[in-house]
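Participant: got a sequence here, can you model it:
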Amino acid sequence: MPKKILFIIDHLGCGGAEKVTIELADYMARQGHEVTLAVLNGKRNYFTTPPIIDYIDLGFSDFFAHGKLWKDRFLTETEQQTLQQLLAQQFDLIIPEYNNGHWLRPYLSGNVWHWVHGDLIEKRPTQNIFKHLKESLRVSRYTRKFVRLLDGANIVTVSQHLTDKYSPLLPNSTLLTIHNGVDQQKLYASLNDVQVDQQWDVVFVGRVHKIKQVDHALIAFAQSGLTGRMAIIGDGPEREMVQNLIRELNLHDRIDFIGRVNNPAPYMMNAKCLVSSSFAEGTPMCIAEALLLGIPVVAYACSSGIREQLSAAHMQCGLIAPQDQHALAKTLYEMVKQPYVVTDEDKQKISMHHMYQRFMKLAS
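Facilitator: Numbering: from 1, shown residues only. From the prediction side, this is the model:
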């Protein structure tokens with residue numbers, strides 16, 4: 001029997017959480033379900049939704065929709081009325097998510113499952129004693145707010161590690177792990193969207209942002225001993241820094257800075273391996289997509305999501321201790337020269353259909 005499903009997310013920016021939300025919503029709709037995707041405020045939208053999805057911009061204030069999760073947020077009377085008009089459709093499953101969608105909890109009722117895409121209370125490592133103290137205070141404050149916000153809620157996490165971490169903090173909550181999936185058929189079909197003739201040893205896909213540490217990937221590539229080319233698919237505030245570093249490393253004739261693209265798959269398909277050098281991550285969609293395309297991955301093991309994505313014994317050689325640039329460089333070389341094979345069993349674990357089935361059980 002078709003179900004009515006509502007996703008509520010901050011916006012449709014260019015991140016992985018936004019992308020996997022659209023992909024899952026589209027897959028559900030193509031299976032015959034009635035799917036609505038609402039954004040708190042669409043000013044920062046980058047992605048668009050397929051026509052089969054009912055898209056709604058709630059038009060909430062910038063303060064409620066944007067900014068850090070840890071600032072208390074309340075809807076105005078007008079915003080509450082807008083939300084209630086939407087909820088009058090009597091959805092079988094409501095999924096608030098990303099960051100500030102979780103602040104809708106007091107205003108939602110029925111079958112509500114909060115979708116947590118990453119570690120919301122992660123402690124960032126530092127060697128500086130004063131920064132360590134500051135970081136400990138920050139995590140303590142965020143943890144208290146996290147518990148107050150979500151204890152007692154139904155929660156879907158993207159990794160078992162997050163479920164295990166949150167369970168003792170949220171004793172009144174029901175927690176469930178559902179790994180991110182990719183629509184393999186749609187991914188393969190998208191390979192024809194763009195004709196890509198260039199070949200690369202290494203490809204980086206993601207925001208050019210400080211937390212993604214594109215500089216680590218570049219330095220590792222420079223030190224790896226590889227003689228081929230590297231592509232950077234993405235854009236962001238660190239673009240100028242990255243371009244300066246490319247010149248400093250004398251890589252200007254071996255790096256292709258492609259920039260932001262709607263579909264990185266055709267570019268990834270022309271690379272021998274994907275590199276992920278992030279300081280912190282959730283469960284990156286680009287890693288799942290690379291594996292489904294049969295592209296091996298070399299990644300800092302900076303999150304439980306990445307460790308689970310590369311948990312198969314033959315893929316663990318691609319996991320690197322966080323911030324170990326020497327090991328990153330060495331492994332890039334080894335992976336290009338002797339790549340592991342991504343098996344059909346590996347691909348099944350990260351399929352969109354498997355993810356879809358898990359979510360639809362919540363709507364039953």
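Participant: okay, now R73: neighbour count?
Facilitator: R73 is flanked by 18 other residues according to other C-beta atoms under 10 Å. C-betas here are computed from N, CA, C, even on glycine.
Participant: contacting residues around it?
Facilitator: F63, F64, N100, W103 (C-beta atoms under 8 Å, 6 or more residues apart in numbering).
Participant: not counting its neighbours along the chain, what's nearest the first one?
Facilitator: Meaning F63. Nearest residue to F63 in three dimensions, chain neighbours excluded: R73, at 7.1 Å (C-beta to C-beta, 6 or more residues apart in numbering).
Participant: ok, now the last one?
Facilitator: Using C-beta to C-beta, 6+ apart and skipping the chain neighbours, the partner closest in space to W103 is R73 (4.3 Å).
Participant: picking up where we left off before, got a pLDDT number for the residue nearest to F63?
Facilitator: Note for R73: predicted pLDDT of 94.
Participant: related to what we said a few turns ago, element containing the residue nearest to W103, please.
Facilitator: Under the criterion of DSSP states H and E, R73 resides outside all helices and strands.
Participant: ok, it to R148 distance?
Facilitator: 13 Å (C-beta to C-beta, to the nearest Å).
Participant: try E34
Facilitator: 34 Å.
Participant: the more surrounded of these two?
Facilitator: E34 (17 against 9).
Participant: can you report how many residues neighbour the residue lying closest to the more buried one once chain neighbours are set aside?
Facilitator: Spatially, and ignoring its direct neighbours in sequence, E34 is nearest to K4 (4.7 Å; C-beta to C-beta, 6+ apart). K4: 16 surrounding residues under other C-beta under 10 Å.
Participant: next secondary structure element downstream of the helix or strand where E135 lies?
Facilitator: Using DSSP H and E, E135 maps to helix 129-150. Per DSSP H and E, the first helix or strand lying C-terminal to helix 129-150 is strand 154-157.
Participant: ok, which stretches of the stretch 101-250 of the chain are strands?
Facilitator: Taking DSSP state E, counting those that start in this stretch to define them, one finds strands in the stretch 101-250 of the chain at 114-116, 154-157, 174-177, 200-205, 230-233.
Participant: and for the stretch 251-364 of the chain?
Facilitator: For the stretch 251-364 of the chain, the strands defined by DSSP E, counting those that start in this stretch occupy 255-259, 271-276, 297-300, 319-320.
Participant: just the C-alpha atoms of the helix holding E135, please, in PDB.
Facilitator: Coordinates of each C-alpha in helix 129-150 appear next as PDB, following Å, rounded to 0.1, in the frame of the first residue of the first chain:
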ATOM      1  CA  ILE A 129      46.300  22.200  26.000                       C
ATOM      2  CA  PHE A 130      44.300  25.400  26.000                       C
ATOM      3  CA  LYS A 131      42.400  24.400  22.900                       C
ATOM      4  CA  HIS A 132      41.900  21.000  24.400                       C
ATOM      5  CA  LEU A 133      40.300  22.600  27.400                       C
ATOM      6  CA  LYS A 134      38.100  24.800  25.200                       C
ATOM      7  CA  GLU A 135      37.100  21.800  23.100                       C
ATOM      8  CA  SER A 136      36.200  19.800  26.200                       C
ATOM      9  CA  LEU A 137      33.900  22.600  27.400                       C
ATOM     10  CA  ARG A 138      32.400  22.900  24.000                       C
ATOM     11  CA  VAL A 139      31.600  19.200  23.800                       C
ATOM     12  CA  SER A 140      30.200  19.200  27.300                       C
ATOM     13  CA  ARG A 141      27.900  22.100  26.400                       C
ATOM     14  CA  TYR A 142      26.800  20.600  23.100                       C
ATOM     15  CA  THR A 143      26.200  17.200  24.700                       C
ATOM     16  CA  ARG A 144      23.800  18.700  27.300                       C
ATOM     17  CA  LYS A 145      21.900  20.500  24.500                       C
ATOM     18  CA  PHE A 146      21.900  17.400  22.300                       C
ATOM     19  CA  VAL A 147      20.300  15.300  25.200                       C
ATOM     20  CA  ARG A 148      17.700  18.000  25.900                       C
ATOM     21  CA  LEU A 149      16.800  18.200  22.200                       C
ATOM     22  CA  LEU A 150      16.600  14.600  21.300                       C
END
